[in-house]
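[1] give me a 3D structure for the following:
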Amino acid sequence: MTVDEAPGASPRPLRVLLAGGGTAGHVEPALALADAIVRRHPDAVVTALGTEAGLETTLVPARGFAVRLIPKVTMPRAEPRRWFGIPRSTWSAVRAASAVIEQDRPDVVVGFGGYVSLPAYLAARRAGVPFVVHEANARPGVANRIGARFTQYVAVSVPSTVSTLPHATLVGIPLRRSIAALDRPSMRQQARKAFGLDADRPTLLVFGGSQGARTINAAMQGAASNLLSAGIQVLHAAGPRNTVVVEPRDSDPPYVVVPYLEQMDLAYAAADLLLGRSGAMTCAEVAAVALPAVFVPYPHSNGEQAVNAQPLVDAGAGLVVRDEDLTAAVVETLVGGLVLDAARLSQMQAAADGMGARDADERLADMVLRAAGHS
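    So this is what the prediction gives:
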C-alpha cells in the first residue's frame with residue numbers, strides 16, 4: 001500500500017498522460033482536453049508525451065503543462081502489412097514511455113495519433129493503465145487503428161469514422177475555449193487592430209497548417225500585387241521555415257506575414273475568408289466559428305485532408321482547390337473574387353453555422369474521466 005492509498009490519507013490528484021505530438025493538429029486538441037480536465041479537477045496533474053522535433057516542446061509548456069520527451073517513431077502508412085510487425089525503433093520509444101508511466105503513475109493515458117501515440121498505447125497496455133484513443137481525421141491513422149483494438153474508449157470526430165474504428169463514439173475535436181466560444185463579428189475590430197490590419201477592408205486569412213505550405217505561399221506571393229490592388233488585405237501565416245516576400249505600395253492595404261499564429265481566435269475573427277489546408281483541426285475550427293473557406297488539401301499522406309473538408313464543401317460552407325491546381329491566377333480570380341463577394345460569403349457563413357462541435361472538449365473529458373474511474 002502506497003502513502004497516498006493509506007487509510008486516512010488524502011486522495012491523490014487525478015493524473016493524466018497525454019500523447020499527441022508532432023503538429024499543432026495533434027497538440028491543440030490534447031491541450032484543449034487538458035484545460036477541460038483542469039476546469040473540473042483543478043488539482044489534476046496533466047503531462048504530455050512528445051518528441052524533440054514536435055511543436056509540443058513549445059506549445060505545451062506555454063499552456064502551463066509539463067512535457068516528457070521520448071524517441072520519435074514513424075509508422076509505415078503505405079504498408080499496412082507492416083503495422084503489426086512493429087518497427088524495431090518503436091520498442092525504444094515504448095521503453096521510454098513505460099519509464100514515464102512507471103514514474104508518473106497516470107490514472108489514464110489519452111492518445112491523439114501522431115508519433116508518440118503508438119508507444120504510449122503499448123506502454124499503457126503493458127502497465128495495465130486504461131487508455132483513450134481520439135481520432136481527429138476522417139481517415140484514421142495507423143497508430144490509432146492499432147490502439148483502438150485494445151481499448152473500449154475510442155472517440156472520433158467525423159460520423160463516418162464511427163464504423164471504421166471499434167468501440168467508437170462520436171465526440172468531435174476538442175477546441176480551446178477562446179475558439180469554441182468565439183463571436184467573430186463582435187471581435188472583428190479588436191482582432192484586425194491586433195494584427196495591424198485596417199478595420200473595414202475585406203480580409204483574407206492564409207495559412208498552410210503549423211508548418212506552412214509551399215504551394216499556398218508561392219501562389220499567394222504571385223497573386224499579392226493584384227489582391228492588394230483590388231483592396232483586399234491579407235494576414236498570412238507562412239510557416240516558421242518559409243519566407244514570403246511582398247512589397248506593398250504606399251496606397252496598398254496591409255499584407256501581414258507572420259511565421260505562426262499564436263492567437264488563432266483573433267485570426268479567425270479578423271478574417272472574411274480562409275485560404276488554407278484542410279487538416280482536421282482547421283476544419284473543426286472553421287466549422288465552429290462559421291468562417292467561409294477555400295481548402296487546398298495536402299496532396300500526400302493517405303488523402304485524409306480532402307475527406308476532412310468534404311462535409312463543409314457539401315454543406316456549401318467551403319470550396320476545394322487541388323494542390324496542383326492552385327496558381328497565382330486561381331488565387332486572384334477565385335479567392336480574390338470570393339473575398340469581395342459579401343453576399344456569397346454570407347451564404348457560406350450561414351451554411352457553416354451550427355456544423356461545429358463546440359463542446360467536444362467536455363464530451364471527451366467525460367470519456368477520459370470514466371476511463372480513469374473519476375466522475
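[2] list the contacts of the spatially closest residue to residue 303 that is not a sequence neighbour.
    In space, residue 303 comes closest to residue 139 once its chain neighbours are excluded; the distance is 6.9 Å by C-beta to C-beta, 6 or more residues apart in numbering. (Each C-beta comes from the backbone N, C-alpha and C, glycine too.) When contacts are counted by C-beta atoms under 8 Å, 6 or more residues apart in numbering, residue 139 is found next to 161, 164, 302, 303, 304, 307.
[3] and for the second one, the neighbour number?
    Put plainly, it is residue 164. For residue 164, the neighbour count with other C-beta atoms under 10 Å is 16.
[4] show me where pLDDT drops low in the stretch 101-250 of the chain?
    By pLDDT under 70, the low-scoring segments of the stretch 101-250 of the chain are 209-212.
[5] mind redoing it with 90?
    Applying pLDDT under 90 to the stretch 101-250 of the chain flags the ranges 113-115, 137-139, 141-143, 158-160, 208-214, 239-250.
[6] so where do the strands sit in it?
    108-111, 131-135, 154-156, 168-170, 203-207, 233-237 (DSSP state E, counting those that start in this stretch).
[7] who wins for proximity to residue 317 among these?
    strand 203-207 (15.1 Å; C-beta to C-beta).
[8] what pairs with residue 135 across the strands?
    residue 156 (DSSP bridges).
[9] ok, it - contacts?
    Contacts of residue 135 by C-beta under 8 Å, 6+ apart are 113, 141, 144, 148, 154, 155, 156, 157, 161, 165, 168.
[10] which one of those sits closest to residue 341?
    residue 157 (30.3 Å).
[11] pretty sure the closest one contacts residue 172?
    Yes. Applying C-beta atoms under 8 Å as the test, residue 157 and residue 172 come out as touching, 5.3 Å apart.
[12] give me the common contacts of the two.
    Common neighbours of residue 157 and residue 172, using C-beta under 8 Å, 6+ apart, are 284, 357, 360.
[13] isn't residue 353 up against residue 290?
    Yes. Using C-beta under 8 Å, residue 353 is in contact with residue 290, at 4.5 Å.
[14] for stretch 168-175, buried residues please.
    Within stretch 168-175, the residues that qualify as buried are 168, 171, 172, 173, 174, 175, counting by 16 or more other C-beta atoms under 10 Å.
[15] and if you look at stretch 68-75?
    Within stretch 68-75, the residues that count as buried by 16+ other C-beta under 10 Å are 68, 69, 70, 71, 72, 73, 75.
[16] tell me who's in contact with the second one.
    Applying C-beta under 8 Å, 6+ apart, one finds that residue 69 lies in contact with 49, 50, 51, 52, 57.
[17] now do 7 Å
    50, 51, 52 (C-beta atoms under 7 Å, 6 or more residues apart in numbering).
[18] wait, residue 196 sits on residue 257?
    No. Here residue 196 does not reach residue 257: they are 11.1 Å apart, not a contact under C-beta atoms under 7 Å.
[19] buried among the contacts of residue 139? Need that as a selection in PyMOL.
    Of those, the buried ones can be selected in PyMOL as follows, counting by 16+ other C-beta under 10 Å:
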select buried, resi 161+164+304+307
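[20] in a strand, residue 371, correct?
    No. Read with DSSP: H, G, I helix; E, B strand; the rest coil, residue 371 is helix and lies in no strand.
[21] for the strands of the stretch 101-250 of the chain, which one sits closest to residue 182?
    strand 203-207 (13.4 Å).
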